[in-house]
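**Q** Got a predicted model here, sequence first, then my questions.
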Amino acid sequence: MDINDYKITQISVFIENKKGRFYNVTKTLKESKVNIRAMSLADTMDFGILRFVMDKPKDAYDSLIEKDFIVKKNDVLAIAIKDESGGLSELLKIISDLDLNIEYMYTFVNALENKAVMLFKFEDIDLAIEKLLDENIELLKEEFFKRV
Amino acid sequence: MFFEKNKETMSRKDIENLQTELLKEKIEYAYKNVPFYKQKFDEYGINKNSINSIEDIRKLPFTTKNDFRDNYPFGLFAADMKKIVRIHSSSGTTGKPTVVGYTKNDIETWSSLVARIAAAAGVSDEDIIHIAFGYGLFTGGFGLHYGLEKIGAAIVPASSGNTKKQIMLMKDYGATVLVCTPSYALHIAEVARREGLDIETDLKLKVGMFGAEPWSNKMRQKIEEALNIKAYDNYGLSEVMGPGVAGECETQDGMHISEDHFIAEIINPDTELPVKDGEYGELVITPLTKEALPVFRYRTRDITKLTKEPCVCGRTSARMYKPIGRTDDMLIIRGVNVFPSQIEEVLFSIDGISPHYQIILERAGALDSATILVEANANLFFDEMKKQRQFLDKINYELKTTLGLDVAVKLVEPHSIERSEGKAKRIIDKREM
Ligand SMILES: [Zn+2]
C-alpha cells in the first residue's frame, strides 16, 4: 500500500469579497473543462478562501495560475461514512481519540450509495492516513474523483 | 569614483569658509537684481556684512513655495531673459506652477552636480544609461540627461510610458544603468518577469539611480533583488537646482550634499529654529552658485536628518538621510501624525509582501479610518482561515506599535491596485475636511 494514493489534491483560491469574483473562478475552471467534485467557501467581510476538489486538479491549477489567481495546492483526505444519523459524530470521536488535529473539513455530496463523503484537512496527513487505516476507516483514493 | 575629487574632499573648515564667502556674494547679487530680496533684506536689515560665519545664515528670512507663486512667473529671476537658456516648472496641480530658470552657467553647474552623483554611484563613460524619467517641464529627465552626458555615458532618452517597449530597449541596447522613480523600477521588474524575461541573463543592468519620490530602505532591497542591481538614491528639487543636490556613494549610507554649491540646514518646522545635530527636522537649502535664480533658505518641506561624520568613501560633505516624509504630506489620522513612509517601512518588513499598496483614508461621522490595501500573492495566502487572520492581525499589530494607531489591513487581488508610471499614488484621501 502506498499512503500517497489516499492523498486527494485540493486547490484553494484567494478571492476578494466582491461581486463576480466567485463566478470568475468557476468560469475559468469551466473553460478548461474541469469538473468540480466538492467545494467549500470560507469567507470574511473582506475576502474568501475557495477550496475545490476536482477531476483534473493539474489542469485546474494551471488555468487558475494563468489567469493570475492566487492559488495553493494541498492534500486532503476523503473519508466515507455511513449515511445515517450519528455517522459523522462517530467518526469525529475516533479522530479525537486518535489525537489527530483537523484544520478544516467539508462535505462531498452525492457520492456513494448509502454513504456520505467528508473531506478533511489534517495537520499531519501521513499520520492521519496511517491511524485511520488502522481503525478500518474507509479512505477514498484520488481515482474516485476522476470517475464520479 | 569621483567626478571632482578636490572639491568633494575639501576639509570641513574649507567648506565652511567657501560657503560663507559665496553666501556674502549671493546676498549682494540678489539685493541688486531681485526686487523681492532687496525688499526682504532691507526689512531684515541684512547686507553682506551681516554674514561673518556660516551660522549667520540664520539671520536671513526663509523663502517658500508661496514666494515663487506670488512672483509668478519670473519675478524671482536675477538674470535677464537674454541670459536665460532654460525654463522648467512644476506641474502646478494646486494653483500656478513653480517656475525656475537657468543660465548657461547654471546648466553647466547642474550637469557637474549630476555627474558627481553618478560617479559616486559608480557610473562612468563605459555605461549605457536608460532614462525613463519624463522629459519635459519636470527637471528629472533633462537634469539627469545633461549630467550623465557630461561623464560621457551613452544615454537612451526613453522618457516615460510603454513599459514593455522600455524593457525591449533595455534588453536590446544592453542598458547597464536605469534612471527613473523607484516605484517605476519595481513596475519594470514586474512587467519584465511577466513577459518571461530572465533579469540576470536578459538584462545587463548593474546600477539604478532613483529619485523624485520618497522610498524606504526596504523598498531599496526589493528593487535590488528584483532587478539584480545596486540601487542609489539621489535628491534635489527644482527650486534650488533640480536633481543632483545630493546623492549616495557606494556606501549607501546617506546622500552626500554638494556643499560647495548648497548650504543645508535642518530646522524644526514649527519653531523655525535649528534642531540639534543629527535630529530630524525640515531640510532648508540655500543654493550658492545659481545665477538665474538666487534663493535663500528654501523650505523644502522634506523631513530628514544630516550627519557631518566623515564617510568611508573619502568625501567630506554632509550627508542627508532619506527623507521620512514631507511636512505637508504628513497625515493626521485621528489626531496622530503619520508619515506614509512609516507605513511602508512596516509593510516591507514582512516577508514576501507585494510592493504594491495603497492607503485609503475615510471619515465616518467624526471618526477617521485608515485602511491599507495590500495585494495578495501566494506567499501571503494561507489555505487556512485561522492562519490568514493571524497574518493580517500581525501586520495590524506591527502598524499599531509603530504608528500608535489602529489601521485596518485588507488583502486585495493581484493587479487590483493601479500601477503608475511616474510617482506612485499611495494615498487616497476620501475624507471631506
Ligand atoms: Zn560616501
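**A** Noted; the coordinates are in hand. Numbering: from 1, shown residues only, chains lettered A, B, ... in the order given.
**Q** need the residues of chain B near the ion, please.
**A** Residues of chain B lying close to the ion (Cβ under 5 Å from the ion) are B:249, B:251, B:311, B:313, B:315. To be clear about C-beta, it is placed using only N, CA and C from the backbone, and glycine gets the same treatment.
**Q** now, which of those sits nearest chain A?
**A** Sorting the residues of chain B next to the ion by distance to chain A puts residue B:251 at the head of the list, at 38.8 Å, by Cβ to the nearest Cβ.
**Q** burial measure for that closest one, as a count.
**A** Look at residue B:251: counted by other Cβ atoms under 10 Å in any protein chain shown, it has 13 neighbours.
**Q** Can you give me the pLDDT of it?
**A** The model reports residue B:251 with a pLDDT of 96.
**Q** in chain A, which spans are helices?
**A** A:21-31, A:57-66, A:87-97, A:125-134, A:143-147 (DSSP state H).
**Q** Minimum distance to residue B:108: which of these has it?
**A** Closest of the helices of chain A to residue B:108 is helix A:57-66, at 54.0 Å (criterion: Cβ to Cβ).
**Q** Could you check the pLDDT of the nearest residue to residue B:152 once chain neighbours are set aside?
**A** Leaving out its chain neighbours, the residue that sits closest to residue B:152 by Cβ to Cβ, 6 or more residues apart in numbering or on different chains is residue B:125, at 3.3 Å. Looking at residue B:125, its pLDDT is 97.
**Q** Residue A:113 now?
**A** We have a pLDDT of 74 for residue A:113.
**Q** Got the domain ranges for chain B?
**A** Using automatic domain parsing, the domains assigned to chain B come out as B:1-327, B:331-429.
**Q** Compare these and give me the one nearest residue A:105.
**A** Of all those, domain B:331-429 comes closest under Cβ to Cβ, at 12.0 Å.
**Q** Contact partners for the residue in chain A positioned nearest to chain B?
**A** Using Cβ to the nearest Cβ, the closest approach of chain A to chain B is made by residue A:12 at 4.2 Å. With contact set as Cβ atoms under 8 Å, 6 or more residues apart in numbering or on different chains, residue A:12 has these partners: A:49-52, A:71-74, B:381, B:383.
**Q** and with 6 Å instead?
**A** Remark: with contacts taken as Cβ atoms under 6 Å, 6 or more residues apart in numbering or on different chains, residue A:12 is in contact with A:49, A:51, A:72, B:383.
**Q** Look at the nearest residue to it once chain neighbours are set aside and give its secondary structure.
**A** Of all residues not flanking residue A:12 in the chain, residue B:383 sits nearest, at 4.2 Å (Cβ to Cβ, 6+ apart). Put simply, residue B:383 is coil when judged by DSSP: H, G, I helix; E, B strand; the rest coil.
**Q** Can you tell me the SS state at residue B:373?
**A** Relying on three-state DSSP, one would call residue B:373 strand.
**Q** shouldn't it be in contact with residue B:412?
**A** Yes: the pair residue B:373 / residue B:412 is scored as a contact, 5.0 Å apart, by Cβ atoms under 6 Å.
**Q** Let me see the contact set for the nearest residue to residue B:28 once chain neighbours are set aside.
**A** Of all residues not flanking residue B:28 in the chain, residue B:48 sits nearest, at 4.8 Å (Cβ to Cβ, 6+ apart). The contact partners of residue B:48, taken as Cβ under 6 Å, 6+ apart, are B:24, B:27-28.
**Q** mind redoing it with 10 Å?
**A** Shown in contact with residue B:48 (Cβ atoms under 10 Å, 6 or more residues apart in numbering or on different chains): B:21, B:23-29, B:31, B:41.
**Q** give me phi/psi at residue B:152?
**A** Backbone torsions for residue B:152, taken as degrees, to the nearest 10, come to phi 90, psi 10.
**Q** Can I get stretch B:37-53 in CSV? Just the C-alpha atoms.
**A** Output of stretch B:37-53 as CSV, limited to C-alpha atoms (Å, rounded to 0.1, in the frame of the first residue of the first chain):
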residue,chain,number,x,y,z
TYR,B,37,15.1,90.1,-2.0
LYS,B,38,16.0,93.8,-1.9
GLN,B,39,12.8,94.5,0.0
LYS,B,40,13.2,91.5,2.3
PHE,B,41,16.8,92.2,3.1
ASP,B,42,16.0,95.9,3.8
GLU,B,43,13.2,94.8,6.1
TYR,B,44,15.5,92.4,8.0
GLY,B,45,18.5,94.8,7.9
ILE,B,46,20.6,92.3,6.0
ASN,B,47,23.6,93.0,3.8
LYS,B,48,26.7,91.1,3.0
ASN,B,49,28.4,92.3,6.2
SER,B,50,25.8,90.6,8.3
ILE,B,51,27.5,87.3,7.4
ASN,B,52,30.7,86.6,9.4
SER,B,53,30.3,82.8,9.8
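**Q** Where does pLDDT dip in the stretch 51-200 of chain B?
**A** Scanning the stretch 51-200 of chain B for pLDDT under 70 picks out B:91-95.
**Q** Smallest gap between it and chain A, at which residue?
**A** For the stretch 51-200 of chain B, Cβ to the nearest Cβ, closest residue to chain A: residue B:194, 9.1 Å.
**Q** And for residue B:381, the neighbour number?
**A** Neighbours around residue B:381, by other Cβ under 10 Å: 21.
**Q** Which residues are in contact with it?
**A** With contact set as Cβ under 10 Å, 6+ apart, residue B:381 has these partners: A:12-14, A:47, A:49, A:69-72, B:352, B:387-388, B:391, B:411.
**Q** ditto for residue B:37
**A** By Cβ under 10 Å, 6+ apart, residue B:37 lies in contact with B:26-27, B:29-31, B:46, B:60-61, B:63, B:67, B:76, B:78, B:294-296.
**Q** buried residues in the longest strand seen in chain A?
**A** The strand spanning the most residues in chain A, taking DSSP state E as the definition, is strand A:70-82. Buried residues in strand A:70-82, counted by 16 or more other Cβ atoms under 10 Å in any protein chain shown: A:70-72, A:74-81.
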